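Asker: my questions concern the predicted model and sequence given below.
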Amino acid sequence: MASFHTPVLREEVLAWLITSTAGVYVDATLGGGGHAESILQRLDPTGMLIGFDADPDALQFAANRLSEFGGRAQLVHNNFRNIASSLAQREIQRVNGILFDLGVSSHQFDEPTRGFSFRSDDLLDMRMDRSQALDARTVVNEYDERDLSDVFWKYGEERASRSIARLLVKRRAESRIETTGDVASIVRTVVGDRFLVKSLARIFQALRIEVNNELENLEIALREALPVLDAGGRIVVISYHSLEDRIVKDFFKHEAALFQPSGNKLVPDTKLDPTLRILTKKPIGASEVETRSNSRARSAKLRAAERIRSVT
């Protein structure tokens with residue numbers, strides 16, 4: 001099994017997330033358990049952590065890593081969009097903090113059978129949870145040209161989305177698209193070598209987001225987090241691209257709003273009862289020292305907010 005990445009912004013996460021060392025915390029994106037391990041090490045013996053992941057490989061790795069903590073570490077095979085219901089099943093009504101470290105782990109990129117990376121020629125897959133039906137091969141072989149173009153533009157912001165979708169549909173009529181190399185060859189034909197790597201990154205990001213429904217899941221998960229977050233508890237989110245960060249920024253802004261603009265100068269704005277207080281006016285990035293030792297940290301942005309009242 002390929003290794004999991006070094007936790008990004010480890011000390012920053014601990015500083016912004018933990019408000020009570022005897023509290024209950026959620027790692028909504030457990031991965032290899034690096035952040036979870038750091039959190040548990042910082043907590044008192046009475047503190048505990050619930051870790052979520054849709055990837056069974058990640059859960060297996062994390063279970064071994066966190067075994068020394070016994071029952072203080074509870075691991076759940078589920079998508080983070082189901083946080084509230086999963087906690088309710090465990091009779092946990094409130095938690096002191098929830099961490100989201102978004103994106104793909106280095107394990108998933110490096111494992112050939114997962115089909116996430118364009119840097120090697122592997123079978124297309126890209127499922128976080130391999131028990132689900134939809135995979136990247138299905139997307140590239142069964143979506144029509146317009147839907148493919150929309151995916152590449154909406155989730156990858158790829159300027160050549162239409163041309164890439166058009167050629168992909170033409171190529172698959174000749175033979176089925178099976179591997180990451182097949183997709184890379186199509187993108188190369190359209191954009192050439194000069195912009196190839198950036199275009200490949202955007203196309204593969206778009207396919208991954210589509211396969212795993214990542215942005216909708218994030219929107220749902222943030223809403224799900226509020227009812228289980230205790231007053232004074234915190235949400236900490238690390239994002240890696242602008243689409244994720246925009247969702248987090250807008251959610252925090254919406255929940256922290258004091259007034260709803262009326263849109264009419266003659267009508268006063270509506271006073272609101274906010275649920276969150278934004279703690280990070282601007283996103284926090286990794287230090288130069290960290291980015292030198294961990295390239296994944298370069299694009300990381302951390303945002304944090306605190307619950308200021310009960311949500312029913």
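Answerer: Yep, it's here.
Asker: alpha carbons only for contacts and neighbour counts from here, please
Answerer: OK.
Asker: immediately after the host helix or strand of A15, which helix or strand?
Answerer: Per DSSP states H and E: A15 is located in helix 10-17. Remark: after helix 10-17, the chain's next helix or strand is strand 24-27, criterion DSSP H and E.
Asker: ok, the most centrally placed residue in the chain to H241 distance?
Answerer: In the chain, the C-alpha nearest the mean C-alpha coordinate belongs to L102, at 2.5 Å (C-alpha atoms, centre = their mean). L102 is 9 Å from H241, where distance means C-alpha to C-alpha, to the nearest Å.
Asker: all strands of the stretch 51-200 of the chain, in order?
Answerer: 73-77, 95-101 (DSSP state E, counting those that start in this stretch).
Asker: let me have these in CSV, extended by mean neighbour count and distance to L124.
Answerer: Formatted as CSV, these follow (neighbours: other C-alpha atoms under 10 Å; distance: least, C-alpha to C-alpha, whole Å):
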stretch, mean neighbour count, distance to L124
strand 73-77, 19, 23
strand 95-101, 25, 24
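Asker: make JSON lines out of these and add distance to R119 and mean pLDDT.
Answerer: Shown next, in JSON lines, are these (distance: least, C-alpha to C-alpha, whole Å; pLDDT from 0 to 100):
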{"stretch": "strand 73-77", "distance to R119": "29", "mean pLDDT": "97"}
{"stretch": "strand 95-101", "distance to R119": "23", "mean pLDDT": "98"}
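Asker: could those go into CSV alongside distance to K253?
Answerer: Compiled in CSV, the strands of the stretch 51-200 of the chain are given as follows (distance: least, C-alpha to C-alpha, whole Å):
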stretch, distance to K253
strand 73-77, 30
strand 95-101, 17
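Asker: who wins for proximity to A28 among the ones you listed?
Answerer: Taking C-alpha to C-alpha, strand 95-101 is the member of those nearest to A28, at 5.3 Å.
Asker: okay, now the nearest residue to the residue nearest to the centre of the chain once chain neighbours are set aside: neighbour count?
Answerer: Nearest non-adjacent residue to L102, counting by C-alpha to C-alpha, 6 or more residues apart in numbering: S239, 5.4 Å away. Neighbour count for S239, taken as other C-alpha atoms under 10 Å: 22.
Asker: in terms of contact, does S239 touch L99 like I think?
Answerer: No: the pair S239 / L99 is not scored as a contact, 11.1 Å apart, by C-alpha atoms under 8 Å.
Asker: list the buried residues for the helix or strand hosting R246?
Answerer: Per DSSP H and E: R246 is located in helix 242-256. Neighbour counts over helix 242-256 (16 or more other C-alpha atoms under 10 Å) mark 244-245, 247-249, 251-253, 255-256 as buried.
Asker: equivalent analysis for stretch 19-39, please.
Answerer: 20-21, 23-37, 39.
Asker: wait, a strand at D230?
Answerer: Yes: D230: assigned to a strand according to DSSP: H, G, I helix; E, B strand; the rest coil.
Asker: show me what contacts it?
Answerer: Each residue near D230 by C-alpha atoms under 8 Å, 6 or more residues apart in numbering is listed here: 94-97, 307, 310.
Asker: now these as TSV including distance to A73?
Answerer: Shown next, in TSV, are the contacts of D230 (distance: C-alpha to C-alpha, whole Å):
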residue	distance to A73
R94	16
V95	14
N96	15
G97	15
R307	24
S310	26
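Asker: let me know the pLDDT of the residue nearest to L102.
Answerer: What the model reports as pLDDT for S239 is 97.
Asker: now do the same contact list for it.
Answerer: Residues near S239 by C-alpha under 8 Å, 6+ apart: 101-103, 245, 299-302.
Asker: when you compare pLDDT across the residues you listed, which one is lowest?
Answerer: Scoring these by pLDDT puts G103 last, at 75.
Asker: correct me, but that one touches Y240?
Answerer: Yes: using C-alpha under 8 Å, G103 is in contact with Y240, at 6.5 Å.
Asker: so where's the longest helix in the chain?
Answerer: Longest helix in the chain, counting residues (DSSP state H): helix 196-212.
Asker: show me what it is packed against.
Answerer: helix 136-142, helix 145-156, helix 180-191 (3 or more C-alpha pairs under 8 Å, 6 or more residues apart in numbering; DSSP states H and E).
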